[in-house]
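Asker: Got a sequence here, can you build the structure:
(one chain, ligands or ions: 1)
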Amino acid sequence: MTSTDSLDRLAAVIESRKPAHGGDPEKSYVARLLHKGPDAFLKKIGEEATESVMAAKDIDYGGDPQKLVNEVADLWFHCMVALAHYGKSPADVVAELARREGLSGLEEKALRKAQAREAGE
Ligand SMILES: N=c1c2ncn([C@@H]3O[C@H](COP(=O)(O)OP(=O)(O)OP(=O)(O)O)[C@@H](O)[C@H]3O)c2ncn1[C@@H]1O[C@H](COP(=O)(O)O)[C@@H](O)[C@H]1O
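Answerer: Sure, this is the predicted structure:
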């Protein structure tokens with residue numbers, strides 16, 4: 001089993017919680033988030049991102065690295081709810097990362113700046 005298998009399975013569960021598939025906000029956290037709408041899960045993404053940063057900073061002061069893993073899991077999970085709402089999947093994110101494979105971030109940034117200069121931005 002690979003980590004992308006787990007993400008694909010979770011994506012399928014999230015999909016099944018959509019209102020159109022009978023997700024029940026009384027019985028499911030995901031259905032409740034989707035029922036509340038984008039503001040609810042986008043707010044959670046912001047919170048979990050902040051909590052991830054705080055957990056990482058805590059490690060420098062003796063905090064438990066597992067706390068960072070837990071917060072990043074919360075972050076990824078809520079991002080997956082957003083991806084599902086907007087019709088995208090973890091496979092799309094993995095494909096984008098694969099597309100970037102081997103392209104240095106510094107090279108990519110230089111290329112982007114050159115393109116912006118050519119476009120007169
Ligand atoms: N991976 C997760 C997952 N990670 C985190 N969470 C929930 O996300 C919330 C995180 O919010 P917080 O840490 O801020 O905790 P909280 O104080 O309870 O949150 P709020 O009251 O502020 O909303 C908690 O309620 C967690 O239980 C998750 N809920 C569900 N899943 C997966 O989604 C599947 C479907 O879940 P249901 O739709 O609930 O059946 C589950 O089987 C899991 O695989």
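Asker: what's the burial count for Met54?
Answerer: 13 (other Cβ atoms under 10 Å). For every residue, glycine as well, the C-beta is placed using N, CA and C.
Asker: Spatially nearest residue to it (excluding sequence neighbours)?
Answerer: Excluding the flanking residues, the one nearest Met54 by Cβ to Cβ, 6 or more residues apart in numbering is Glu71, at 7.8 Å.
Asker: Ile45 is in contact with that neighbour, correct?
Answerer: No - assessed by Cβ atoms under 8 Å, Glu71 is found out of contact with Ile45, at 11.9 Å.
Asker: between the two, which one's more packed in?
Answerer: Glu71 (20 against 17).
Asker: In which helix or strand does the residue positioned nearest the centre of the chain reside?
Answerer: Nearest residue to the geometric centre of the chain (Cα atoms, centre = their mean): Cys79, 3.1 Å. Assessed by DSSP states H and E, Cys79 sits inside helix 65-85.
Asker: State the distance from the nearest residue to Asp64 once chain neighbours are set aside to Ser52.
Answerer: Once flanking residues are discounted, Asp64 sits nearest to Asp58: 7.9 Å by Cβ to Cβ, 6+ apart. The gap separating Asp58 from Ser52 is 11 Å, by Cβ to Cβ, to the nearest Å.
Asker: can you check Arg17 too?
Answerer: Counting by Cβ to Cβ, the gap from Arg17 to Ser52 is 24 Å.
Asker: same check, this time on Ala40
Answerer: Counting by Cβ to Cβ, the gap from Ala40 to Ser52 is 19 Å.
Asker: which of these two has more neighbours?
Answerer: For Ala40 versus Ser52, the count of surrounding residues by other Cβ under 10 Å is larger for Ser52: 20 against 14.
Asker: what residues are up against the more buried one?
Answerer: Taking Cβ atoms under 8 Å, 6 or more residues apart in numbering, we find Ser52 in contact with Leu68, Glu71, Val72, Asp74, Leu75.
Asker: give me the subset of the residues you listed touching the ligand.
Answerer: Residues shared between the contacts of Ser52 and the neighbourhood of the ligand are Asp74 [Cβ under 6 Å from any ligand atom].
Asker: Fine by me, we can end here.
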